[in-house]
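> coords please:
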Amino acid sequence: MQRLAFLVGKWEGEARVLRGPGLIEDLAQTEGAEYKLGGLVLVIEGVGRNKGGEPILQAYGIISFDDESATYRMRAFNDGRFLETEVRLLEPDGSQQTNGMTWGFKLGDFRTASTLRINEDGDWTEVAELFIGDQPPRTLLELSVHKI
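This next block holds a predicted model:
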């Protein structure tokens, strides 16, 4: 679980989220990540607020390591739903350490792909895309937050 230490802390910044066909909303975004149960799990809570301060996007994720399969697993909750998925860590890129991870899910013709990275400035960036059949991907979420 220590390989996920790059996420631990409090973060703030902005997000853009697709709220419906052609409806994109800009949000003030916060993220908080901390170990629980003596480091057995990492919990991440994200809240995106509109210009009026209302929470529009709320997500909660729990990541753990499965010793038997040697994989990271995440259960994430959002908008009254949850998903369970494997999380794959990104390998360092060349001489510069790049921390990040990817995850997604598939349901019928619908598929998502999310990529979280800590960029060279130390900012947490995240992009989530939605794929429907053979249609071009749609960006569901773009997020950029910095540690506070």
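
> Flag the shaky bits of this protein, pLDDT-wise.
Low-confidence segments of the chain (pLDDT under 70): 93-98.

> For it, just list every one of the strands.
With DSSP state E as the criterion, the chain has strands at 9-20, 23-36, 41-49, 55-66, 71-78, 81-89, 99-107, 110-118, 124-132, 138-147.

> In JSON lines, list the ones you listed along with distance to R3.
The C-beta positions use only the backbone N, C-alpha and C, and glycine is treated the same way. Listed next are the strands of the chain as JSON lines, based on distance: least, CB to CB, whole Å:
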{"stretch": "strand 9-20", "distance to R3": "16"}
{"stretch": "strand 23-36", "distance to R3": "12"}
{"stretch": "strand 41-49", "distance to R3": "10"}
{"stretch": "strand 55-66", "distance to R3": "9"}
{"stretch": "strand 71-78", "distance to R3": "8"}
{"stretch": "strand 81-89", "distance to R3": "6"}
{"stretch": "strand 99-107", "distance to R3": "9"}
{"stretch": "strand 110-118", "distance to R3": "12"}
{"stretch": "strand 124-132", "distance to R3": "16"}
{"stretch": "strand 138-147", "distance to R3": "18"}
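
> now the ones you listed as a markdown table including mean neighbour count?
What follows is the strands of the chain, written out as a markdown table (neighbours: other CB atoms under 10 Å):
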| stretch | mean neighbour count |
| --- | --- |
| strand 9-20 | 16 |
| strand 23-36 | 16 |
| strand 41-49 | 19 |
| strand 55-66 | 16 |
| strand 71-78 | 16 |
| strand 81-89 | 14 |
| strand 99-107 | 16 |
| strand 110-118 | 17 |
| strand 124-132 | 17 |
| strand 138-147 | 17 |
